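K.L.:
Whatever this is, show me its structure:
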Amino acid sequence: MANGRDMDLRRIETMAKEFCTQEEIARALGFDKSAFAGRAEVAAAYRRGRNAARMSLRHMMYDAARGGNTTMMIFLAKNELHYRDNPEPRYGFGDAARVIIDV
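P.N.:
Purely as a prediction, here's the structure:
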């Protein structure tokens with residue numbers, strides 16, 4: 001099992017960029033998963049890798065939408081612009097029907 005000095009932070013970051021989980025990284029590199037919580041530099045390397053992976057994926061999604069991929073356009077519209085397939089029902093009376101009960 002690797003100790004803190006033997007941990008390759010660049011390898012942790014690279015594996016995190018490939019969306020590997022903490023458990024997968026720990027198993028592949030021979031250390032305990034608790035190192036992610038107990039060692040700030042290990043957690044930081046993992047965070048850097050995951051953030052880079054998310055940013056890269058966002059760029060690819062955006063490029064796909066810009067390239068005319070309609071499915072990706074719809075996905076991004078729903079997730080980033082909060083568009084919905086099922087709009088709120090309208091009653092034809094303006095915003096909503098009002099009921100006034102006079103007792």
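K.L.:
and the most centrally placed residue in the chain, what element?
P.N.:
The residue lying closest to the centre of the chain (Cα atoms, centre = their mean) is Arg54, at 6.1 Å. Here Arg54 sits within helix 40-66, counting by DSSP states H and E.
K.L.:
list the buried ones in that helix?
P.N.:
Val42, Ala45, Tyr46, Gly49, Arg50, Ala53, Met61, Ala64, Ala65 (16 or more other Cβ atoms under 10 Å). Glycine gets a C-beta too; all of them are placed from N, C-alpha and C.
K.L.:
measure the last one to Ile74 for me?
P.N.:
Right, Ala65. Remark: distance between Ala65 and Ile74 (Cβ to Cβ, to the nearest Å) = 9 Å.
K.L.:
Include distance to Leu81 and pLDDT when you put the buried residues of helix 40-66 into TSV, please.
P.N.:
Putting the buried residues of helix 40-66 into TSV (distance: Cβ to Cβ, whole Å; pLDDT from 0 to 100) gives the following:
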residue	distance to Leu81	pLDDT
Val42	37	96
Ala45	34	97
Tyr46	31	98
Gly49	28	98
Arg50	25	98
Ala53	23	98
Met61	14	97
Ala64	16	98
Ala65	12	97
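K.L.:
of all these, which comes closest to Asp32?
P.N.:
Val42 (10.5 Å; Cβ to Cβ).
K.L.:
Spatially, what comes nearest to that closest one if we skip its sequence neighbours?
P.N.:
Spatial nearest neighbour of Val42, excluding adjacent residues (Cβ to Cβ, 6 or more residues apart in numbering): Ala35 at 4.9 Å.
K.L.:
these two touch, right, that neighbour and Met7?
P.N.:
Yes. Counting by Cβ atoms under 8 Å, Ala35 does reach Met7; the two are 7.0 Å apart.
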